[in-house]
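> For reference, the sequence and a predicted model appear below.
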Amino acid sequence: MADPQLPPQGHLTPTRALLNTLGRLPLGVLQGLARLIAWVLLCVPEQGMARTVRRNLMLCFPQWSADQLTHMTRQAVRQQMLTSVEFLRVWGNPPEDSLKRIHTVYGRELLDRSLADPRGCMVIVPHHGNFEMMNAWLSQLAAPVIMYKPDKNPDLDQFVRTARSRLNTTLAPTDERGVRQIFRVLKQGGLTILLADHLPEPSGGILSPFFGWPVLTSTLASKLAHKTQCAMFMMSCIRRDDDAQRFDIFIDPVCDGLHDADLQVSVDALNRSMEVLITRHPTHYHWAYKRFKLTPTLPDYYHIDADDAQQLSRRTDTATDADTHSV
């Protein structure tokens, strides 16, 4: 039965027509458009996306000088805009278009060993690099189950759903039904992919250090890891420096402790794992996401003026037990 919230598959709205057109443009043209948009955003560095990116980097890399921070902010904005338009290319074309752009895969042995584990396999993926292209590559090797929250824009939602229907994937809802579905898949020896760095509802997360700051972190991956003792690894898909239209896939182990029965120990290990991944390619993380908006020691961090934000970012008492381990 068709979803009443979505337009009929055959009805092409102006938005869907635009998405289809953009998705079929040559990747080089889309990347040129992304660089232009990034240039516009960077013309007002204390507004919008550029402001959020700079403030997040200021928190996470306090060792950077002011000039480094400015340079890395520019690079991070450009990288995120490139990834955004590349998503359109991935969604608008058959999976083969993505597969031919993969240059090198690092850590393939860990992936093969994990996929063969009878306890199932969980892939931890932060909002880092081109994870949509990564999905296309991984789906040729297995049949992952991915939690998916419908987009508020029905045209974009249908565009993405149509794209993912071409892959060997199953979409699970972001509710208790989806959690039960993923648990069953893991118990049956299957594969799931979790985007583990989104801000959960307070009832679904605990505070845990992330680059030294207590952030509300989802407990789902930790609970599933303890209950199933499944194999786990991290994945990212990074644009190459020497060829912007080719990508490398990195498969990395998670930090010790993620299977621990102590939820705090496990969630702390989850954030450490993501830190290791992000630090290797820091400008490829999606820093426009306001990951620290519920951090107790950073009240209203994304809305206060630049001087006050800089003062807050220099605090040294951010990792106290009271701040880190309570909500």
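Looks like it arrived, so ask away.
> residue closest to the middle of the chain?
In the chain, the residue lying closest to the centroid (Cα atoms, centre = their mean) is His127, at 1.6 Å.
> those strands in the stretch 51-200 of the chain, which residues are they?
Assigned by DSSP state E, counting those that start in this stretch, the stretch 51-200 of the chain shows strands spanning 102-106, 121-125, 145-147, 170-172, 191-195.
> Relative to Tyr302, how far out is the closest residue to Arg74 other than its chain neighbours?
Leaving aside its sequence neighbours, Arg74 sits nearest to Leu42 (Cβ to Cβ, 6 or more residues apart in numbering; 5.7 Å). Yep, even glycine has a C-beta here, placed from its N, CA and C like the rest. Between Leu42 and Tyr302 the computed distance is 18 Å (Cβ to Cβ, to the nearest Å).
> ok, now Arg161?
Separation of Arg161 from Tyr302 (Cβ to Cβ): 31 Å.
> List the residues that contact Pro26.
Residues in contact with Pro26 (Cβ atoms under 8 Å, 6 or more residues apart in numbering): none are found.
> before we move on, the earlier item: just so I know, which of the strands of the stretch 51-200 of the chain lies nearest Arg51?
Of all those, strand 191-195 sits nearest to Arg51, with 23.8 Å by Cβ to Cβ.
> and the helix or strand that comes right after the closest one, C-alpha only, in PDB?
Next along the chain after strand 191-195, taking DSSP states H and E as the criterion, comes strand 205-210. Taking Å, rounded to 0.1, in the frame of the first residue of the first chain, the C-alpha atoms of strand 205-210 are listed here in PDB:
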ATOM      1  CA  GLY A 205      21.100   8.900  26.000                       C
ATOM      2  CA  ILE A 206      23.700   9.700  28.700                       C
ATOM      3  CA  LEU A 207      26.400  12.300  29.000                       C
ATOM      4  CA  SER A 208      29.800  11.100  27.800                       C
ATOM      5  CA  PRO A 209      33.100  12.900  27.000                       C
ATOM      6  CA  PHE A 210      33.500  13.800  23.300                       C
END
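> Select the longest helix from this structure.
Longest helix in the chain by number of residues (criterion: DSSP state H): helix 66-92.
> That one - contacts with which helices or strands?
Applying 3 or more Cβ pairs under 8 Å, 6 or more residues apart in numbering; DSSP states H and E, one finds that helix 66-92 contacts helix 14-23, helix 27-42, helix 48-60, helix 95-99, helix 131-138, helix 154-164, strand 231-239.
> Same list, the ones you listed, but as JSON lines with mean neighbour count, distance to Lys293 and mean pLDDT please.
As requested, those are exported to JSON lines (neighbours: other Cβ atoms under 10 Å; distance: least, Cβ to Cβ, whole Å; pLDDT from 0 to 100):
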{"stretch": "helix 14-23", "mean neighbour count": "15", "distance to Lys293": "29", "mean pLDDT": "91"}
{"stretch": "helix 27-42", "mean neighbour count": "16", "distance to Lys293": "20", "mean pLDDT": "97"}
{"stretch": "helix 48-60", "mean neighbour count": "22", "distance to Lys293": "10", "mean pLDDT": "96"}
{"stretch": "helix 95-99", "mean neighbour count": "17", "distance to Lys293": "32", "mean pLDDT": "95"}
{"stretch": "helix 131-138", "mean neighbour count": "23", "distance to Lys293": "22", "mean pLDDT": "95"}
{"stretch": "helix 154-164", "mean neighbour count": "19", "distance to Lys293": "24", "mean pLDDT": "90"}
{"stretch": "strand 231-239", "mean neighbour count": "23", "distance to Lys293": "24", "mean pLDDT": "97"}
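> In this structure Asp151 contacts Arg161, no?
No: Asp151 lies out of contact with Arg161 (Cβ atoms under 8 Å); the separation is 9.2 Å.
> what sits against Thr170?
Each residue near Thr170 by Cβ under 8 Å, 6+ apart is listed here: Ala143, Pro144, Val145, Ile146.
> Show me which of the residues you listed is closest to Arg177.
Nearest member of the contacts of Thr170 to Arg177, counting by Cβ to Cβ, is Val145, at 12.1 Å.
> which residues pair with the closest one across the strands?
Thr170, Thr192 (DSSP bridges).
> ok so, going back, separate out the buried members of the contacts of Thr170.
Buried by 16 or more other Cβ atoms under 10 Å: Pro144, Val145, Ile146, out of the contacts of Thr170.
> Go through the residues you listed and say which is closest to Leu115.
Pro144 (10.1 Å).
> Surely Pro299 is within a helix?
No: going by DSSP: H, G, I helix; E, B strand; the rest coil, the assignment for Pro299 is coil, not a helix.
> gap between it and Lys293?
Taking Cβ to Cβ, one finds Pro299 at 10 Å from Lys293.
> more neighbours, those two?
Counted by other Cβ atoms under 10 Å, Pro299 and Lys293 do not tie: Lys293 has more neighbours, with 16 against 10.
> my hunch is that that one is in a strand, does that hold up?
No: the assignment for Lys293 (three-state DSSP) gives coil, which keeps it out of a strand.
> tell me the phi and psi of it?
Per-residue torsions, Lys293: phi -70, psi -20 (degrees, to the nearest 10).
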